[in-house]
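Visitor: fold the following and give me the result.
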Amino acid sequence: MARQEAAEMGKSVPLGQQVTSGIRDLILSGELPPGIRIGQDALAQRFGTSRIPVRDALRQLESEGLVLLTPNSSARVARLELDEFAEIYKIRELVEPLALSESIPHMSDEDVSGLDEQVAEMEATRDSDVFLKLDRAFHLSSYAAAPMPQLKALVERFWNTTQHYRRAYTKMVWQQGNWIINAEHRLLMEAIRRRDTVDAGNVLTMHIRRTRQQLVRHPELFDGVGADGG
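Guide: Residues are numbered from 1 along each chain as shown. Here you go, the predicted model:
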């Protein structure tokens, strides 16, 4: 993002938030891949600011699970080993159905309609990067009504740390057709519309588990990600 682009992010948004949001987008989009060293001077120049907002942003992103900071002030994009990824996904299989079951009773009809629209957009897109953004928005939106802020923060952290590997999985199945993912989303929506928390939780557990089982069959996706020799 160039200096001019940073300025267009929103004149009413504080600079620190703009920088944090910008770096977060670079990581979640894969432009800064897992394991790569983060050049703070380069980011400061990119966003047209000093290093101070960049350092503050990196501390915030560390709390979100996106960045690893070391005592000598160096920073890297967080990465996962295969066993760490599998562990996180096993936890997700338990906590995300809970978040969904707590959210469904508090959803308005408008909330449900919005989720339906996101599913339709996912089915219509032919761009895997667009699909990834819609998929993240759909699932996190489906948990949004849950009156459990600590649980939602934990879930979002898990989504952050596994983003790169979900991207790898999506691009892998994209070539074969992503009809299974779309079918699972439709089953999930049917349960949400019925306000059936049990069925919704079961479908979501299956949805998360299947992704884990597919990805652990490809350990090469976790080797040397973002390695830059530093």
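Visitor: mean confidence for the host helix or strand of N202?
Guide: Using DSSP states H and E, N202 maps to helix 197-215. Averaging pLDDT along helix 197-215 gives 95.
Visitor: same deal with stretch 99-119?
Guide: 98.
Visitor: about what we covered before: check which helices and strands the helix holding N202 is in contact with.
Guide: helix 82-103, helix 163-174, helix 179-193 (3 or more CB pairs under 8 Å, 6 or more residues apart in numbering; DSSP states H and E). Yep, even glycine has a C-beta here, placed from its N, CA and C like the rest.
Visitor: can you redo the ones you listed as TSV with distance to I27 and mean neighbour count?
Guide: Converted to TSV, these look like this (distance: least, CB to CB, whole Å; neighbours: other CB atoms under 10 Å):
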stretch	distance to I27	mean neighbour count
helix 82-103	16	18
helix 163-174	8	18
helix 179-193	23	17
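Visitor: let's see stretch 88-107 as PDB, backbone CA atoms only.
Guide: Extracted as PDB, the C-alpha positions of stretch 88-107 are listed here (Å, rounded to 0.1, in the frame of the first residue of the first chain):
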ATOM      1  CA  ILE A  88      -5.700 -25.700  16.800                       C
ATOM      2  CA  TYR A  89      -8.200 -27.300  14.400                       C
ATOM      3  CA  LYS A  90      -9.200 -29.900  17.000                       C
ATOM      4  CA  ILE A  91      -9.900 -27.100  19.400                       C
ATOM      5  CA  ARG A  92     -11.900 -25.200  16.800                       C
ATOM      6  CA  GLU A  93     -14.000 -28.300  16.300                       C
ATOM      7  CA  LEU A  94     -15.100 -27.900  19.900                       C
ATOM      8  CA  VAL A  95     -15.300 -24.100  20.500                       C
ATOM      9  CA  GLU A  96     -16.700 -22.900  17.200                       C
ATOM     10  CA  PRO A  97     -19.900 -25.000  17.500                       C
ATOM     11  CA  LEU A  98     -20.300 -23.500  21.000                       C
ATOM     12  CA  ALA A  99     -19.900 -20.000  19.600                       C
ATOM     13  CA  LEU A 100     -22.500 -20.800  16.900                       C
ATOM     14  CA  SER A 101     -25.000 -22.400  19.300                       C
ATOM     15  CA  GLU A 102     -24.700 -19.300  21.600                       C
ATOM     16  CA  SER A 103     -25.100 -17.000  18.600                       C
ATOM     17  CA  ILE A 104     -28.100 -18.500  16.800                       C
ATOM     18  CA  PRO A 105     -30.700 -17.600  19.500                       C
ATOM     19  CA  HIS A 106     -29.700 -14.000  19.300                       C
ATOM     20  CA  MET A 107     -29.700 -13.700  15.500                       C
END
